[in-house]
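Trainee: I need the structure of the sequence given here:
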Amino acid sequence: MFQGAGTNAQYVWETPSGFGEQLRKLGDMYIYQHKLNNVLRYAEPRFENYPKDLNFDLGYFDLGKHVSDVYGSIPERYRDESKYVHIPIGWSAGGHLALTYANLIPQSRACVLLDPLMINPITLKKHIKFLESKGGTSDITDGKLSHMLNKLRTSPTPDLAYNIFAIGHHCMTSWVCENMSHTLTVPTLSFITIEKKQSSQIGPLSNVERKREVKFLTKHNPKKFKAVTLNNASHCVFRDTQPTDVIMEGISKLCAMIE
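Mentor: Down below sits the predicted model:
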């Protein structure tokens, strides 16, 4: 499973719905800790339990290389194609990584998206502008990024941490703009939330953009894409029990279909 932006790998185990434990009943799980999220450890005390690992460069934001590295980090026994199939699951920003994994790793047999960031060109352009408003840019060198990370280790400030965070997401979103195929390679089940509160309708995750994405992916993948709408769930769609029950039912059916 690929986690959302700003979370750590433990988050899936800490929800009231028990989502992590429910997933584990369906099969073995592997959650990769995204190192970009670790910069938040140096931003605010509430992130103090995040890992310290800041060992990454600009190549880390190449999603193709990134998912290959993730695959290589999975225990070897799970890379035996004769015994195991993979179903990448991506929440929020992790959706881009889950789709990339499904496209590039032959062991993938299906993909699950949990209120993901979008891949349609219109919303991607809006996402880029949103990240730029937060200080994001792809106009950066490895040398400058290394300098910023070293400074974060020795003289951390919230502004510096969030600047690096925005830069990383700008680089990854730019990669999606340039490289992500609109044609899905495996059956893909997406759970989309439609929120009531206007305060959450900002940036690339507004209800308008969610609906645009469903239409876009359905048009390009009428046989491989299915969307399930979760009314009034939060962006963390697996947090509460009711939407999680719907999600688990869908994932269970998807697993049965590919067995």
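Trainee: Now do stretch 80-97, average pLDDT.
Mentor: Mean per-residue pLDDT for stretch 80-97: 95.
Trainee: scratch that, stretch 176-192
Mentor: On average, stretch 176-192 scores 97.
Trainee: again, but for stretch 50-59
Mentor: Averaging pLDDT along stretch 50-59 yields 96.
Trainee: now do stretch 121-130
Mentor: 94.
Trainee: Repeat that for stretch 238-249.
Mentor: 94.
Trainee: same deal with stretch 151-170?
Mentor: 97.
Trainee: buried set for it?
Mentor: Under the neighbour-count criterion of 16 or more other CB atoms under 10 Å, stretch 151-170 has Leu152, Leu160, Ala161, Tyr162, Asn163, Ile164, Phe165, Ala166, Ile167, Gly168, His169, His170 buried. All C-beta atoms are positioned from the backbone trio N, CA, C, and that covers glycine.
Trainee: Between all of these, which two are separated the most?
Mentor: Leu152 and His170 (17.2 Å; CB to CB).
Trainee: on that earlier part again, redo the buried residues of stretch 151-170 as TSV? Include distance to Val246.
Mentor: As requested, these are exported to TSV (distance: CB to CB, whole Å):
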residue	distance to Val246
Leu152	40
Leu160	40
Ala161	35
Tyr162	34
Asn163	38
Ile164	36
Phe165	31
Ala166	33
Ile167	36
Gly168	32
His169	29
His170	33
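Trainee: now those residues in a markdown table, with distance to Leu54 and secondary structure?
Mentor: What follows is the buried residues of stretch 151-170, written out as a markdown table (distance: CB to CB, whole Å; DSSP: H, G, I helix; E, B strand; the rest coil):
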| residue | distance to Leu54 | secondary structure |
| --- | --- | --- |
| Leu152 | 7 | helix |
| Leu160 | 12 | helix |
| Ala161 | 10 | helix |
| Tyr162 | 14 | helix |
| Asn163 | 14 | helix |
| Ile164 | 9 | helix |
| Phe165 | 12 | helix |
| Ala166 | 16 | helix |
| Ile167 | 13 | helix |
| Gly168 | 11 | helix |
| His169 | 16 | helix |
| His170 | 18 | helix |
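Trainee: can you pull out the helices in this structure?
Mentor: 19-26, 63-73, 94-104, 121-133, 142-154, 158-179, 207-220, 241-258 (DSSP state H).
Trainee: Can I get stretch 229-249 as PDB, trimmed to CA atoms?
Mentor: Only the C-alpha atoms of stretch 229-249 are listed here, as PDB (Å, rounded to 0.1, in the frame of the first residue of the first chain):
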ATOM      1  CA  THR A 229     -18.900   6.900  -4.700                       C
ATOM      2  CA  LEU A 230     -18.700   7.200  -0.900                       C
ATOM      3  CA  ASN A 231     -21.000  10.100   0.100                       C
ATOM      4  CA  ASN A 232     -19.800  12.200   3.000                       C
ATOM      5  CA  ALA A 233     -16.800  10.200   3.900                       C
ATOM      6  CA  SER A 234     -13.700  12.100   4.800                       C
ATOM      7  CA  HIS A 235     -10.700  12.300   2.400                       C
ATOM      8  CA  CYS A 236      -9.300   9.400   4.500                       C
ATOM      9  CA  VAL A 237     -12.000   7.100   3.200                       C
ATOM     10  CA  PHE A 238     -10.900   4.100   5.300                       C
ATOM     11  CA  ARG A 239     -11.000   6.000   8.600                       C
ATOM     12  CA  ASP A 240     -14.600   5.400   9.600                       C
ATOM     13  CA  THR A 241     -16.400   2.000   9.800                       C
ATOM     14  CA  GLN A 242     -19.200   2.500   7.300                       C
ATOM     15  CA  PRO A 243     -17.100   3.600   4.200                       C
ATOM     16  CA  THR A 244     -14.500   1.000   5.200                       C
ATOM     17  CA  ASP A 245     -17.100  -1.800   5.100                       C
ATOM     18  CA  VAL A 246     -18.000  -0.700   1.500                       C
ATOM     19  CA  ILE A 247     -14.300  -0.600   0.500                       C
ATOM     20  CA  MET A 248     -13.500  -4.000   2.000                       C
ATOM     21  CA  GLU A 249     -16.500  -5.600   0.200                       C
END
